[in-house]
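**Q** I would like the atomic coordinates for the input below:
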Amino acid sequence: VVDAAKRQAAANNHTATHLMHEALRKVLGSHVEQKGSMVTPEILRFDFSHFQKMTPAELRQVEMLVNRAVRANYPLEENREATKEEAEKCGAMMLFGEKYGDKVRMVRFGTSVELCGGTHTSATGNIGFFKILTESAISAGVRRIEAVTGEQAEKIIYAAEDTMRDISEYLHNPQVLQAVKKMFESNETLSKEVEAMRREQVAQWAEKIISSTPERHGVQLIATQTDRTPEFVKDLAYNLRARSPKLVFVQGSVNDGKPMLTVMLGDEITAQGVNAGAVVREAAKLMQGGGGGQAFFATAGGKNPDGLQAAIDKAREEAQGAVSIMQAKLDKARYEKERAEARQKNAEEALEQVRLQLEEQDRAEKKAALGADKDVAQFEVLFDQGKDLANKMRGMLLKARGREDQAAAQGMAKALRALAEAIGRCAE
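**A** Okay, here's the model as predicted:
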């Protein structure tokens, strides 16, 4: 037994697909072609060719065109004996690739003309009201619209009205849009305040952790497991890094049943060549995962929460081992540099001693030369004085020759001459 009401509802929906097809071509363009359809008493579905998502304005325009045709109450006009050529002359829509016989059924509602063999309503007014529910993509270049008509469309309108009324009562404000806007603005303000408080709390935690974590072997190591969110762990990691250039931070957490590993390194650690991405990739294997990131910050996800602690321990070992290796290399390089500097310093000191000795020798030679010149000058003066004295005594002797002590005078003269000759030889 055929249910007359359901048959009528299905017929209404089928006719509505014809009207919507024509409206889509008017709104979107003649490239729109039917790619599939489904009609039931409750709902209609229409697939069509189009290259992008329809806008709300385009959907509203399609609804208005269909409902305009519904109100016009166009009667069903059909020609069951039309030829294909006659249908083409009338502008009837034909499905691409569809095979038609010599005679076709041409269905017209106002300006909508298609070749169709399905059940249709006797007039568009029977449709009552047309309402689009959804528009979506089903494949590349193909869109899908689902819609309802008549009683089902009424239910959609009533449901929307009930929802608006419930929201209005819940907000205690008949102006729903303004109330919702105000609520969102208030929520945004509260969210900012909560975020500021959270950041302040993270900063305080970071300061406390750094102050209570001693430095060992050139590393400030923090390796723990937490139940905090990934966002919190990331903020904490950056706060710790800002406070400790020697930081090695390894944090593990489980979120929605999945393990996550975070590694953050301080500036001095990365300067030694330690890479957080390499550390986290190696450790993530123990929790069946992988990851990466920057040299100073990296994260990894996994599939096995039971391996999280092992991954934390591995990351800590990898980081510490890399730091130890790099420190050993740096210590060796520092030792070689100090040795080279010591050798250079010893060579410079030896050269300085030689220079000082040469300067001392040069000063001695100059002093000796200066002393010889002074002695010669003194001898010359002495010689001249001796000559003057000799001449004076000679004059005195000459005067004394005529006196009694002539022999003594002659002896004195002889001695003076000998003295003068000796002084002359010295001067030479």
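
**Q** tell me the secondary structure at Val263.
**A** Under the three-state scheme (DSSP: H, G, I helix; E, B strand; the rest coil), Val263 adopts strand.

**Q** let me fix that, I meant to ask about Gly36.
**A** Going by three-state DSSP, the secondary structure assigned to Gly36 is strand.

**Q** likewise for the one 10 residues further on?
**A** Remark: Phe46 carries the secondary structure label strand [criterion: three-state DSSP].

**Q** that one and Thr134, how far apart?
**A** Phe46 sits 11 Å away from Thr134, going by CB to CB, to the nearest Å. For the C-beta atoms, the positions are set from N, CA and C on the backbone; glycine is no exception.

**Q** so these two - more neighbours on which side?
**A** Legend: neighbour count by other CB atoms under 10 Å for Phe46 and Thr134, higher for Phe46 (22 against 10).

**Q** quick one, what contacts the more buried one?
**A** By CB atoms under 8 Å, 6 or more residues apart in numbering, the contact set of Phe46 is Thr17, Met20, His21, Gln34, Gly36, Ser37, Arg144, Ile145, Ala147.

**Q** with adjacent residues omitted, what lies nearest to the last one?
**A** In space, not counting the residues next to it along the chain, Ala147 is nearest to Ile132; the distance is 4.7 Å by CB to CB, 6 or more residues apart in numbering.

**Q** check for me that the one you found belongs to a helix.
**A** No: assigned with three-state DSSP, Ile132 falls outside any helix and is strand.

**Q** counting neighbours, what do you get for it?
**A** Counted with other CB under 10 Å, Ile132 comes out at 19.

**Q** hmm, back to that, shared neighbours of Phe46 and Thr134, which are they?
**A** With CB under 8 Å, 6+ apart, Phe46 and Thr134 have common neighbours Arg144, Ile145.

**Q** the residue nearest to Ala147 touches Val62, doesn't it?
**A** Yes: using CB atoms under 8 Å, Ile132 is in contact with Val62, at 6.9 Å.

**Q** any weak-confidence spans in the chain?
**A** 95-101, 326-327, 330-331, 371-428 (pLDDT under 70).

**Q** distance check, the residue nearest to the spatial centre of the chain against Gln357.
**A** In the chain, the C-alpha closest to the average C-alpha coordinate belongs to Gln294, at a distance of 8.4 Å (CA atoms, centre = their mean). The spacing between Gln294 and Gln357, counted by CB to CB, is 60 Å.

**Q** same check on Glu215?
**A** Distance, Glu215 to Gln357, using CB to CB: 50 Å.

**Q** likewise Arg339?
**A** As judged by CB to CB, Arg339 and Gln357 stand 27 Å apart.

**Q** kindly report the same for Thr111.
**A** Distance from Thr111 to Gln357, counting by CB to CB: 119 Å.

**Q** can you check His120 too?
**A** His120 sits 124 Å away from Gln357, going by CB to CB.

**Q** just give the nearest non-adjacent residue to Asp313, would you?
**A** Among residues not flanking Asp313 along the chain, Ala223 sits closest, at 7.6 Å (CB to CB, 6+ apart).

**Q** can you report how many residues lie near the one you found?
**A** Count around Ala223 with other CB under 10 Å applied: 18.

**Q** residues contacting it?
**A** Neighbour list for Ala223: Val248, Phe249, Val250, Gln251, Ile312, Asp313, Ala315, Arg316 [criterion: CB under 8 Å, 6+ apart].
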